[in-house]
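Trainee: Everything below, folded, please.
(2 chains)
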Amino acid sequence: MPYLGSEDVVKELKKALCNPHIQADRLRYRNVIQRVIRYMTQGLDMSGVFMEMVKASATVDIVQKKLVYLYMCTYAPLKPDLALLAINTLCKDCSDPNPMVRGLALRSMCSLRMPGVQEYIQQPILNGLRDKASYVRRVAVLGCAKMHNLHGDSEVDGALVNELYSLLRDQDPIVVVNCLRSLEEILKQEGGIVINKPIAHHLLNRMSKLDQWGQAEVLNFLLRYQPRSEEELFDILNLLDSFLKSGSPGVVMGATKLFLILAKKFPHVQTDVLVRVKGPLLAACSSESRELCFVALCHVRQILHSLPGHFSSHYKKFFCSYSEPHYIKLQKVEVLCELVNDENVQQVLEELRGYCTDVSADFAQAAIFAIGSIARTYTDQCVQILTELLGLRQEHITTVVVQTFRDLVWLCPQCTEAVCQALPGCEENIQDSEGKQALIWLLGVHGERIPNAPYVLEDFVENVKSETFPAVKMELLTALLRLFLSRPAECQDMLGRLLYYCIEEEKDMAVRDRGLFYYRLLLVGIDEVKRILCSPKSDPTLGLLEDPAERPVNSWASDFNTLVPVYGKSRWATISKCHGAERCGPELPKTSSFAASGPLIPEENKERVQEVPDSGALMLVPNLQLTADYFEKTWLSLKVAHQQVLPWQGEFHPDTLQMALQVVNIQTIAMSRAGARPWKAYLSAQDDTGCLFLTELLWKPENSEMQISVKQNETRTETLKSFISVLETVIGTIEEIKS
Amino acid sequence: MKMIHSLFLINCSGDIFLEKHWKSVVSQSVCDYFFEAQEKAADVENVPPVISTPHHYLISIYRDKLFFVSVIQTEVPPLFVIEFLHRVADTFQDYFGECSEAAIKDNVVIVYELLEEMLDNGFPLATESNILKELIKPPTILRSVVNSITGSSNVGDTLPTGQLSNIPWRRAGVKYTNNEAYFDVIEEIDAIIDKSGSTVFAEIQGVIDACIKLSGMPDLSLSFMNPRLLDDVSFHPCIRFKRWESERVLSFIPPDGNFRLISYRVSSQNLVAIPVYVKHSISFKENSSCGRFDITIGPKQNMGKTIEGITVTVHMPKVVLNMNLTPTQGSYTFDPVTKVLTWDVGKITPQKLPSLKGLVNLQSGAPKPEENPSLNIQFKIQQLAISGLKVNRLDMYGEKYKPFKGVKYVTKAGKFQVRT
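Mentor: Next up is the predicted model:
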């Protein structure tokens, strides 16, 4: 954002910086420099005085040095040739007797972000790693990562990596944590830092000496470590115990996640941990920081998916106070829905009833939807509350209540009678499309129980010309036709009028087509209309689809303390997909379409394929979910355990293969699009003992063969053999089907 | 690899007034996604703390009318980032006395110095206030006068000694002429009281803040008369957890200066005393443009202590145009734009209970409000921890001198809400 007149300012500052009188007066000199910095932070282009600022860096005054370094880091990428001049001073400062100057100079030098600086910083960094002041070592260790990035992520300097690994034993805790951070970045291509047993135990023992940020990060790194024995596992859990009581919610959550992951084969330990973090988590839910509350609430919901009763006795904790921001209130309402039980349902409903008249329409509607979802279990009480709400005759309330009614009669047919009695009169208070559609649907499907249903629909038919939403017109057509079937005398005339309007005057093609369709259907005969339109009026089994049974803790443990609970898994998948697309290296082909549009396996063959899992001692776990990132990392870190070539003639249908593999619980992580040459696919599977099988299929049409490479995270030849035989059978079967 | 890539400070009117980048520069345009969310939220209070954009995640906190928006490029533990941002805001508060746009702009150079020390390459480094203060001295009026005369700096010339100590939270070689250790037991009552005066929900959130100025390496242990009162306790890293588990004694080598020793919760299972009651009658007549408002506050379960610093805030319904009230004590204001009524009561004298009554003018013709407003109450009770928590004794080992010791108790209202 160039300010007007910035050139004048630069000119004036330049003059001041060159003025020998000012230079002689330390204070005045520093003030001018401060002005430069001030303008810089306001977005003014101050690169014009670079030369003068470099000169100003040769000083004993630390403040002045700091300011000039700050300036140089900002403008060095713009003036690389001039910045080389500054490097001289910086190099000299790197061997200053004052450790603070050394650290400062080294940090600035590593942050210059300009090409060609690497050769100058290498030696100072190496010296810094062996500096006696921990302040300098901290800077130097992170400097290694910065230097690596400047090299353009190419080759990894083995000697430097070894030095960093040995600095993990440094006596300064921050140096240790910085080493982890730095190694992680340098070894990014190889899947990050490897945490072996000695390192894991060393870190665990240093944990109590770290600050909260260090603790949180180390806990995250430890997730990669797999204890060798049960005994070791429980030793580690004992060491971690006190961090569940840390004052920092970040550390508590990090420790909880590590517990959950380490104890993945001990469900009772997992439950026990979740009981113990209940307190800290609830405390975070009422923290002073609303942002912390929000994230903690998201995690509470996550836990409730697996342990529905977990927070029920604390339900009052989730009552909203009116001064809270919306995003917290909405989360709390969701939590309340999920922890309702026989004891608290009365109180929770009363509380939610209170929110329904909140000033904020969004919040009020969320509360009504919440009551609607509780109604699936506690139907009578909820329907009564909802009916009372209709009495308020508020538009934003009525529309949502009618929508919940529609969903409710579908899932809980026993409440139909009550809903039908409540409906008359609602039409006066509904203006929006969603609400109208719901009301019209209810009138159409259950019209025989609502005395004035035809007259309400008649009003809609009268005003159809001024109706703005095509969806409402569609709904009206269907509803009126349905009602016509049960109450023909009252509806025949207006149905005729509506059909006439839709066919002759309506401009929306979809509505017109629907009108024509019904018209022709009626011509075929009333029995045909009945057969097509009178589908079931309710289907309680759908409710099961909507709220799946309790999910095992292991299904979300790896998402705990990440952004997934904030976004929800499905949304998160789409978000991270577009992030992934950018970062994803060339190793993996882009995930091609997963849509099951391909041909299904013919019935007779399907049976044969399904027999396969029983053929060996191997049991593959269904629904293994690996992210592409994780797969990539693991793939790169393992060696090929088995490689073989299978014959493969002629054309190829990736979709068929994918389906067949799915049947035997081998998941496709990614594959080339159909027709690509050579064609590649990456598969993953896991057996019941937790052993992962990662597979690459490489089809080269010119040699008519398929190359299979399998990697395994634990070396076990027996299971590997059975896995390969499963894979061979599947591919063999597909080959047969094709020919 | 998780780190804070960049930080933007944004004020309520949507100006980005400060930005800092730790790796490469991220264009300001990334904040457009934030502004979009802000617009959608209508009220600044309601901007969601986590926003995803096509290339970044924005995690923000809202403090003192400012947004601290951090730009993140990879998956992170969200609590970690939020806690860190709060720490940054706390540090500004600590350095400049307030965390406001003006203060930050006035001290922009120090702000940059602080951010530079607190994060390197996007990773948190020095965040303990006493260590930071040795690296960068806070500005004081006196010091800036002195600086301008002597030309001395606001930057420490020597390396902070804390950086050399093996206990990361305490610097080595601390010396005081007066050795003192003070503890503040501060309890806040969060409560929701329903129309009839019964408690819907109540809980005590307590903290013990310490101010320790002791020479050398003192090893302290603090014990309570009734430690079992504490339900959920979170500890400062300095506390030896095993000792607490086995003996219910807080044993620790303290950081130097001010810090939070523990925070705890006393939840509803142990009966939470409610120190005040409110008698209220708020009514709006159907088809009329006025209503009545009458509230009285009285003491209840206050353990014989004076309740002071009482303030009542009420968000009146939108149809309220104005209020004509008479307080028996204190003063009140009503803001017709935000519809917020604030009554600054002062303290309660049991002989004459404070009350506020009068008429409410409503917009004529508008339907009467569905719901009565909630009353938000603030108060303070000195020399009392409402949970009954009492410190028994403080012992010091490892040093020979005799320190001054002191404990203060105070109870305050947290989110204390009375529904009418």
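Trainee: Residue A:497 is in what secondary structure piece?
Mentor: helix A:488-504 (DSSP states H and E).
Trainee: wait, doesn't residue A:381 sit right on residue A:347?
Mentor: No - using Cβ atoms under 8 Å, residue A:381 makes no contact with residue A:347, being 11.7 Å away. All C-beta atoms are positioned from the backbone trio N, CA, C, and that covers glycine.
Trainee: Let's test this: mean pLDDT of the helix holding residue A:497, rounded?
Mentor: With pLDDT averaged residue by residue, helix A:488-504 scores 90.
Trainee: what about it, distance to the chain center?
Mentor: Remark: helix A:488-504 is offset 50 Å from the chain centroid, using Cα atoms, centre = their mean, to the nearest Å.
Trainee: Give me the residues contacting that helix.
Mentor: Residues outside helix A:488-504 that contact it (Cβ atoms under 8 Å, 6 or more residues apart in numbering or on different chains) are A:454, A:457-458, A:461, A:464-465, A:473, A:476-477, A:480-481, A:483-484, A:511-512, A:514-516, A:518-519.
Trainee: which is the next helix or strand following it?
Mentor: On the C-terminal side of helix A:488-504, the nearest following helix or strand under DSSP H and E is helix A:509-524.
Trainee: Please point out which parts of that next one sit buried.
Mentor: A:511, A:512, A:514, A:515, A:518, A:519, A:521, A:522 (16 or more other Cβ atoms under 10 Å in any protein chain shown).
Trainee: Equivalent analysis for stretch A:47-58, please.
Mentor: Neighbour-count burial for stretch A:47-58 flags A:47, A:48, A:49, A:50, A:52, A:53, A:54, A:55, A:56, A:57 (criterion: 16+ other Cβ under 10 Å).
Trainee: again with stretch A:433-451
Mentor: A:433-447, A:450.
Trainee: what is the rounded mean pLDDT of it?
Mentor: Stretch A:433-451 comes out at a mean pLDDT of 90.
Trainee: how about that stretch as PDB, C-alpha atoms only?
Mentor: The C-alpha trace of stretch A:433-451 is given here as PDB (Å, rounded to 0.1, in the frame of the first residue of the first chain):
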ATOM      1  CA  SER A 433     -39.700 -22.000   1.100                       C
ATOM      2  CA  GLU A 434     -38.500 -24.700   3.400                       C
ATOM      3  CA  GLY A 435     -41.400 -24.200   5.800                       C
ATOM      4  CA  LYS A 436     -44.000 -24.100   3.100                       C
ATOM      5  CA  GLN A 437     -42.700 -27.300   1.500                       C
ATOM      6  CA  ALA A 438     -42.800 -29.100   4.900                       C
ATOM      7  CA  LEU A 439     -46.300 -28.000   5.600                       C
ATOM      8  CA  ILE A 440     -47.600 -28.900   2.100                       C
ATOM      9  CA  TRP A 441     -45.900 -32.300   2.300                       C
ATOM     10  CA  LEU A 442     -47.600 -33.000   5.600                       C
ATOM     11  CA  LEU A 443     -51.000 -31.900   4.300                       C
ATOM     12  CA  GLY A 444     -50.600 -34.100   1.300                       C
ATOM     13  CA  VAL A 445     -49.500 -37.200   3.000                       C
ATOM     14  CA  HIS A 446     -51.600 -37.000   6.100                       C
ATOM     15  CA  GLY A 447     -54.400 -34.900   4.700                       C
ATOM     16  CA  GLU A 448     -57.100 -37.500   5.400                       C
ATOM     17  CA  ARG A 449     -56.600 -36.800   9.100                       C
ATOM     18  CA  ILE A 450     -56.600 -33.000   8.900                       C
ATOM     19  CA  PRO A 451     -60.100 -31.700   8.300                       C
END
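Trainee: Contacts for it, please.
Mentor: With Cβ under 8 Å, 6+ apart, stretch A:433-451 has contacts from A:398-400, A:402-403, A:405-406, A:409, A:416-417, A:419-420, A:423-424, A:426-427, A:430, A:453-454, A:456-457, A:460, A:469, A:471-472, A:475-476, A:478-483, A:486-487, A:537.
Trainee: Could I have the buried ones of those as ChimeraX selection syntax?
Mentor: Those of these that count as buried under 16+ other Cβ under 10 Å are selected in ChimeraX with:
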select /A:398,399,400,402,403,405,406,409,416,419,420,423,426,427,430,453,454,456,457,460,472,475,476,478,479,480,481,482,483,486
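Trainee: How about stretch B:223-239 and chain A, any contact?
Mentor: Yes - contact of stretch B:223-239 with chain A (Cβ under 8 Å from any Cβ of the partner chain) involves B:231, B:232, B:233, B:234, B:235, B:236, B:237.
Trainee: Which parts of the stretch 151-300 of chain A are helices?
Mentor: A:158-167, A:173-186, A:197-206, A:212-222, A:230-240, A:249-262, A:267-276, A:278-285, A:290-306 (DSSP state H, counting those that start in this stretch).
Trainee: Same question for chain B.
Mentor: Using DSSP state H, the helices of chain B run over B:31-41, B:78-96, B:101-106, B:108-118, B:129-135, B:141-150, B:241-247.
Trainee: which residues are in contact with the first one?
Mentor: When you say that, I think you mean helix B:31-41. A:326, B:8, B:10, B:14, B:16, B:44, B:47-48, B:51, B:53, B:58, B:60, B:67, B:69.
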